[in-house]
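Peer 1: Predicted model and sequence follow; I will ask about them next.
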Amino acid sequence: MMRFEFKKVEKRDWKILLQWRNDSLTKEMSLNKKKITLKEHFEYMLEISYNNKINQFLFIHLNNKIGILKEDFSDNLIKYLSYTINPKYRNKGYGNLMMYLYLFENSGTFVCEVKKNNIASINMCKRNNFILHEEKEETYIYKLKKNEKKK
């Protein structure tokens, strides 16, 4: 049985997320390349946990933590999405699947900012019908407008 689920990030998940974040390829593809300390990470995660306009979800397959997806709707009109895949599960299609399943259950306007050299994330955006909206010096801004499903 293929069992995929999203679960809200809890404090017990914070250390593994820091490991993923400080992975060399993750750092290279992140907008902020700096290595994050445990103290910085925990302060950031605590701040997010109290922000009712930001949600973070672990993507889980058969009890394995595959990735994380963060939605930030501080803008109210747009959900800014960011994501990280557990280094153990890269290049297996999980990023695309995670985004597809998330979008399947959600509607609105979504934005992903992707570094120009992050081919995997660019392809993931394209496969999930995001359109290149803007080009900055080092990044592309992809946008998707998705209407609510008719009932």
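Peer 2: Nice, thanks for sending it over.

Peer 1: For the lowest-mean-pLDDT helix or strand in the chain, which residues meet the burial criterion?
Peer 2: Ranking every helix and strand in the chain by mean pLDDT, DSSP states H and E puts helix 24-29 at the bottom, with a mean of 85. Across helix 24-29, burial judged by 16 or more other Cβ atoms under 10 Å covers 26, 29. Every C-beta, even on glycine, is put in place using the N, C-alpha and C of the backbone.

Peer 1: List of residues touching it?
Peer 2: Applying Cβ atoms under 8 Å, 6 or more residues apart in numbering, the external contacts of helix 24-29 come out as 20-21, 33-35, 84, 87, 90, 115, 117-118, 121.

Peer 1: Please render those residues as CSV that adds neighbour count, pLDDT and distance to T139 to the earlier fields.
Peer 2: Shown next, in CSV, are the contacts of helix 24-29 (neighbours: other Cβ atoms under 10 Å; pLDDT from 0 to 100; distance: Cβ to Cβ, whole Å):
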residue, neighbour count, pLDDT, distance to T139
W20, 16, 95, 20
R21, 17, 93, 18
K33, 10, 82, 13
K34, 9, 86, 16
K35, 11, 90, 20
T84, 19, 94, 16
P87, 12, 95, 22
R90, 17, 92, 20
K115, 17, 95, 6
N117, 11, 93, 10
N118, 17, 94, 9
S121, 22, 94, 10
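
Peer 1: Okay, buried residues for whatever helix or strand comes next after the least confident helix or strand of the chain please.
Peer 2: Downstream of helix 24-29, the first helix or strand assigned by DSSP states H and E is helix 38-49. Neighbour counts over helix 38-49 (16+ other Cβ under 10 Å) mark 41, 45 as buried.

Peer 1: any idea which helix or strand carries K79?
Peer 2: Going by DSSP H and E, K79 is in strand 78-85.

Peer 1: Tell me the buried residues in that strand?
Peer 2: Those would be 79-85, for strand 78-85 by 16+ other Cβ under 10 Å.
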